[in-house]
Structure formats: C-alpha cells, structure tokens
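Q: Requesting a structural model of the entry that follows:
(chains A and B)
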Number of protein chains: 2
Amino acid sequence: MNYDFAQLAQQYKTALLDDVLPFWERYSIDQEYGGYFTCIDRTGQVYDTDKFIWLQNREVWMFSVLCNHLEKRENWLAVAEHGAKFLAEHGRDAEGNWYFAINQEGQPLVQPYNIFSDCFAAMAFSQYALASGQDWAKDVALQAYHNYLRRKDNPKGKYTKAYPGTRVMKSLAIPMILANLTLEMAWLLDESTLEEILSATVQEVMNDFYDADRGLMYENVTPDGGHLDCFDGRLLNPGHGIEAMWFMMDIGQRRQDMGLVNQAVDVVLNILKFAWDEEFGGIYYFMDADGHPPHQLEWNQKLWWVHLETLVALSMGYRFTGRSECWEWYQKVHEYSWSHFSDPANGEWFGYLDRRSDVLLNLKGGKWKGCFHVPRAMYMCWQQFEQLASPIG
Amino acid sequence: MNYDFAQLAQQYKTALLDDVLPFWERYSIDQEYGGYFTCIDRTGQVYDTDKFIWLQNREVWMFSVLCNHLEKRENWLAVAEHGAKFLAEHGRDAEGNWYFAINQEGQPLVQPYNIFSDCFAAMAFSQYALASGQDWAKDVALQAYHNYLRRKDNPKGKYTKAYPGTRVMKSLAIPMILANLTLEMAWLLDESTLEEILSATVQEVMNDFYDADRGLMYENVTPDGGHLDCFDGRLLNPGHGIEAMWFMMDIGQRRQDMGLVNQAVDVVLNILKFAWDEEFGGIYYFMDADGHPPHQLEWNQKLWWVHLETLVALSMGYRFTGRSECWEWYQKVHEYSWSHFSDPANGEWFGYLDRRSDVLLNLKGGKWKGCFHVPRAMYMCWQQFEQLASPIG
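A: Numbering: from 1, shown residues only, chains lettered A, B, ... in the order given. Okay, the predicted model is just below:
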C-alpha cells in the first residue's frame, strides 16, 4: 500500500476531530456528579460508574492540551473544566495525595498508593491552568509535581510489599514518565531545574534501563543498571520501551541532540524486531528477555496503547531522521493497528485484542483505557505527518 | 466415549503415582538450599529459583497427605521433610507471619501481606506433623491457623489499599478456604470448635455468597450478602465457586447432610451452565455476572486448576448423589481437560491455555502452579471412582 503524508495527516486529523473527541464528549461526561465516565462499552453505554484518577486526570489533560496546542474551542475547555473542578474537590486526601479511585459521587475508594495518580494530576492541571488561565490550577499542578518528586525513590511508600534490602530494583516507568511530565510542566519550572531533571532522566533511561548488548529496554534493573535473573529482572514491556523512546526523541529534538534521537530510533527498531508477533501480527504486551514464561497471563495480547505509542515513535523517528526502517515499520504497524483496533461502526478504538487479534473485551473504555492514548496519538501522528507533508524551514 | 469407573480410577492412580509425583520428586527438590523449585518449564528445567510460600507449603502438604492417606512411603516423607525444615527456618518473620516469597537461599523477598500464606502453612504443617509425628510441626501448624483466624476479618492489614468505609465487601476465598483448612486441622482441634467453625463457614458461603436467584456463587459481596454494582461486586470466578462447592459436599457428607450436598451439586451445575465456553470448550477463568467486560485481561483463558477442581466436584457429586447431570458434565469436562492440559510426552499438566485451548505458557510450574492442584485432584478423583467402582456398605 502507498501512503501519502498529506493523506495520513488528514486521516489522523479526521479521526481525532470527527470520531474520537466527539465520542468522549458524547458519552463520558457525568452531568450528575461531575467528572467523567470511562467504563464505556463498544457502543457508548456506561457499564460502570467508578472514577479512576489516572483516567480522570488524563481526560482533563487531553482537552486542555487541544485548547493549548490546537485551538481554544469553548466546548473543549468546558470538558476540561468539568473534570478539573470535580477532581480539585474530590481527587485528593487532606495532605494533597491523589487517590487511585473514587466512586461516582467522589467518595474515595482506593488510597493514594500510586505515584502515577500524582503524575497525571500534575500533567492535567498544568495544561488546564495554561488553557483556563486559572491560578489555582497552577498550585494544584505544582503540588502534584512535588508529590511525584518526593515519592519517586519510594513510589509505593507504606503500601510496598517488597522486603527491604533483599532485592533492590528500580522501575523504568519512574524516570520515563518524569521526562514527559517535566516537559509538560516546563512553563511552570525555571530553565535550570528543567534542564537538570531532563538530563538526569535521559541519563537514567539510556544508561541504566537500556541494555546495549541486546538493544532492549528493561522494565526493572538494579539501582546501578544491572540485571537480575528473576521474573521482574527479566521483564520487558515493549510498548513502554517504545513510548519512553519517543519521550527521548522529543527531548533530543528540543536540544538538537541528533545522537540521542538516533539512539532512541535504534532502540525502537530493536524492540520491534524482538517483540513483533511474526505469526499473527502485532506487538506483544510483555516478554521475558530470556524467553522464559512470563507470569503475566496477558503477555501475548495486543493492546491499543502499545500500538499507538509505536505509531507516534515511528512517525516522529521518521520525521526527525528520515531513516527508511522507520518508514517500513510505520506502514506495517499502521496497517495492523488501523485494521484491528479501530471501530468505524461505533467510533473510537478497541483496547484489548487477543494474540490472534480478535477483540478480547467489548469496550472503548474501562479501568485503564480512557480519553488519552487514542486522541494523544491521533494528535501527535497528525502533527508528524503534517510536518512531513510540508516541512517548515 | 464410554467410561468405566474402574478404568477411571486406574487412570488417575497411574497419573498420580507414575507421572505427576515423580515429576515433582525429580525436578522440584533444591538440594543446595532446601525447599522446592516450582518454576519448571515444559520438560522439567528450572527457569527461576524464587520460592513462593503458597507453593512451598502446598508441596509439603501434598507429600504429607499421601503419607497419611495412602501409604507411608519413605521417599514421600523425605520430600515433605525437605520442605518443612526449610520453611520452618526461613518462611516466617519474627512474629510468626508467613512471607509471601523468599529467594532461593531463603531470604525474604515479599512481606507477609497475604493471609493464604498462613493458611497453606497451617495445612502443610498439620499434615506433616501427622505424617512425621514431630511435635514441633504441630506448633507451627497451630500458630499459622491462629494467624488465619486473627487476620480473616482484615486479611491484608496495613497493606490494604481500600479506603475504609466507602465500599465494604468481603471475599468468598476467606470462608471457603477456612472450611477446607479447618477440616485439614481437625485432628488438632476440639470437636466443638471444629463444628462451630464449619457451621459458620457453610452458613456464610451458602447464604451470603450464593445468589439463589441466579444460582451463582459471587466472588465479593457486602457483609450481609448483598450485591454491589461495581467490578468487584459483579465478579464471578467459576473455578473458585466450584471448588468451594466440593468443600461444602465434603462437609455435607461428613454430617450426613444430603440437603447441603445436593445444594452444592446444584450450584456446580449452574456455574458450569453459565461458565462453559460453548464455542471452544472449557470453563472461563473470570466473568462479569451482568455480562460487562471484566477488567481481568485473562478472563477467557482456561486454567488447569479450574478444570481439575471441577473434575473433583463432579466425581464427588456423582458419587454422593448419583445425579445423571453430574455424570454427563463429568464426561464433558474430562474429555476437554485430559486432551488439552495433560502432556504425555513430558509429564504433568500444562497450567494455562488461551481461549482456544492452545498452550499459553510453556511451563509445568511457576509463581502460582506447583505440586498441588494436579496431584490433589488425581488423588481425589481416583478415590471417588474407586468408591464408585466398588462401593462400600
């Protein structure tokens, strides 16, 4: 199949503006209590009313980002505000820690054990503050960001089940998301703090978690970047590794560091070679680096976000480097993703396919899938292809 | 296919004595540090050396039970002792709480957050004390049993993430396993304590967790047995429900309460009608009672223990009641299970199949599968069919 950059830009733009955003505007707004529904079935029906803080914040973030980067539409700002007000009132405990889940009315269900609840709150309120001009939202963003920095070396705090000292490991998610989060907060940070944190995260991701011999990104390593021969130590999460690499490309581009950009592209390509399912297509969810059985029973499933992050990484990698392997892989992943995840009959994308690419869960949203990866990737890919179609400068 | 009870008894006996037990005797013994390996691949190779307390205790239990109920073979007692000594030294913290996992050498990896670590320790050391005549093992068993009783109303203690008060639910696993555990401890308990606990668990399982309108066993209910419309509240775990029912039949038979036995059989049959995969065969792992997408990504997989517990429940139900539906379902589940899970080329059973019954993880043991469900079910089914072939009295 031949792809034309302008056509691709148009495809993503149309999907974002005419399908995905209207889907969430139509079905996710809880008019009664505020906030959003995210447990939405194939056709848009709400099947569960619990509110998961990751997803609540991510929807605030998404609609705010569109206001900030695309166009300040009143209806988008209203959706963001609808969630931001509900979350500011119900999302945190008395110390300002973000719960993991609350019920429809906003009463806490799950304690603030998860550092990424703070992370996504910081992202959401930073962008919402920018979109709305509301100063109180800046304070919420900065408080959540400082929670993240405070918690990052002991993310689960008192909820951690690991016995201290026997097997000390750190997780890729922490520095990877900090890189992205810090760029999201850039307008609220001074330049030297920003550069210092970005440098540290690039260093940690590309040295400690990246295994140069194998060309793979590991999910858990020792504090000095070593490997341990245990389930967690052998774990690969290909989608995570690829997502981390587009965060690295983003930083590399910002710094005009083409070495970093090219290294990140190398890693994406290596991960894809390792994690592509040659028999049924698609990218595995989890793998054991040594080929042993992982304990994640969902290991061979094909998840929407893994494929969308890969489309972003490949389109961005191709735009920045022009490397033909990026373009070849892009086409392969594009064909797989658009033909299996999208649902033209009802809108939005399915989230979960089994190994053979049959739909596993008949939903558009749930506990972990909300208004985030699909629209973010649609926006990012649209931008990459628009640049590729008519490069500036 | 026609089955003959004596042939079935022989099939289970041969599988237990000539295949399954030798598999674990050959591959699971850690001669260097003590205890057992459970992460064993298809052909018997150890691929991970971590020691999970559930599975360590379950192997002690299994080999001890065989000594107690079948024949006091020296090599079986030696296997049990090999694990019991290692666990007595390394399995507990200073307060006698059982860790969840330790490393090969016996150093703690995961804190004692899980009440079932105590449960399986009580079962293991009760049976080992009986098999070995060692008094110290009785003390270990009773301490673990009292841990279970102390923790059962707040099983996760300080590790619980649920916010207090918003949504109070209790879990089927707690009373269901207490019923079985208490029978395992019977010889160490006085008769009135035993009967009191058994009555309470029967009452709780058959009234609170059983939904008479639907004929289904729910995984989580409110303290007074009500349903909540949320992910946990709608959750069904068919294998769990069926396993609970053979525990109930066991108690019913002990008490000559044929009403309870027949009720338990009804529930097994109802669960099977609800949870049998008409398209690909086998019993689903998790379901949503209202047909919504569950958040367990492994929901449609076919697990070894689910099918083995069902074979036990159906053979026991048929033996106790003679109901033809038990026999019809038995044959169906037998054919599915033996043709998909067993591995005549290398011994033992696979643990995890995908929905289409293809092998999902190329292993015989892992973090959750050890020397327990396969040999226990082989032993139990052997006994049921031996009784059916030549009933006593």
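Q: which ones are touching the closest residue to A:Gln134 other than its chain neighbours?
A: Spatial nearest neighbour of A:Gln134, chain neighbours left out: A:Tyr128 (7.3 Å); criterion: Cβ to Cβ, 6 or more residues apart in numbering or on different chains. From N, CA and C alone the C-beta is placed, and that goes for glycine too. Contacts of A:Tyr128 were listed using Cβ atoms under 8 Å, 6 or more residues apart in numbering or on different chains, and they are A:Val60, A:Trp61, A:Ser64, A:Ala80, A:Glu81, A:Ala84, A:Gln134, A:Ala137, A:Ala141.
Q: now A:Tyr128, what's its secondary structure?
A: Put simply, A:Tyr128 is helix when judged by DSSP: H, G, I helix; E, B strand; the rest coil.
Q: Next: A:Tyr285.
A: In three-state terms, and counting by three-state DSSP, A:Tyr285 is coil.
Q: My read is that it contacts A:Gly239, right?
A: Yes - applying Cβ atoms under 8 Å, one finds A:Tyr285 in contact with A:Gly239, separated by 7.0 Å.
Q: ok, A:Trp304 to A:Leu236 distance?
A: For A:Trp304, the distance to A:Leu236 equals 19 Å [Cβ to Cβ, to the nearest Å].
Q: what do you get for A:Thr160?
A: Distance from A:Thr160 to A:Leu236, by Cβ to Cβ: 23 Å.
Q: Helix or strand for A:Arg58, just tell me which one.
A: helix A:53-69 (DSSP states H and E).
Q: residues making contact with the helix or strand following that helix?
A: Following helix A:53-69 in sequence order, the next helix or strand is helix A:74-90 (DSSP H and E). Under the contact criterion Cβ under 8 Å, 6+ apart, helix A:74-90 has outside partners A:21, A:24-25, A:29-30, A:33-36, A:53, A:56-57, A:59-60, A:63-64, A:66-67, A:102, A:106-108, A:121, A:124-125, A:127-128, A:131-132, A:136-137, A:140.
Q: and helix A:74-90, what's its mean pLDDT?
A: Helix A:74-90 shows a mean pLDDT of 98 in the predicted model.
Q: And stretch A:222-242, by the same measure?
A: 98.
Q: Can I get that stretch in CSV, CA atoms only?
A: Output of stretch A:222-242 as CSV, limited to C-alpha atoms (Å, rounded to 0.1, in the frame of the first residue of the first chain):
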residue,chain,number,x,y,z
THR,A,222,19.3,-2.7,39.9
PRO,A,223,20.0,0.9,41.1
ASP,A,224,23.2,0.9,39.1
GLY,A,225,21.6,-0.5,36.0
GLY,A,226,22.4,-4.2,36.4
HIS,A,227,20.2,-7.2,35.5
LEU,A,228,18.8,-9.7,38.0
ASP,A,229,17.8,-13.2,36.9
CYS,A,230,14.2,-13.2,38.3
PHE,A,231,10.7,-12.6,36.9
ASP,A,232,10.9,-8.8,37.4
GLY,A,233,14.5,-8.6,36.3
ARG,A,234,13.9,-10.4,33.0
LEU,A,235,10.7,-8.4,32.2
LEU,A,236,10.3,-6.5,29.0
ASN,A,237,7.3,-4.3,28.3
PRO,A,238,7.9,-3.4,24.6
GLY,A,239,5.2,-0.7,24.5
HIS,A,240,6.7,1.0,27.5
GLY,A,241,10.2,0.9,26.0
ILE,A,242,8.9,2.4,22.7
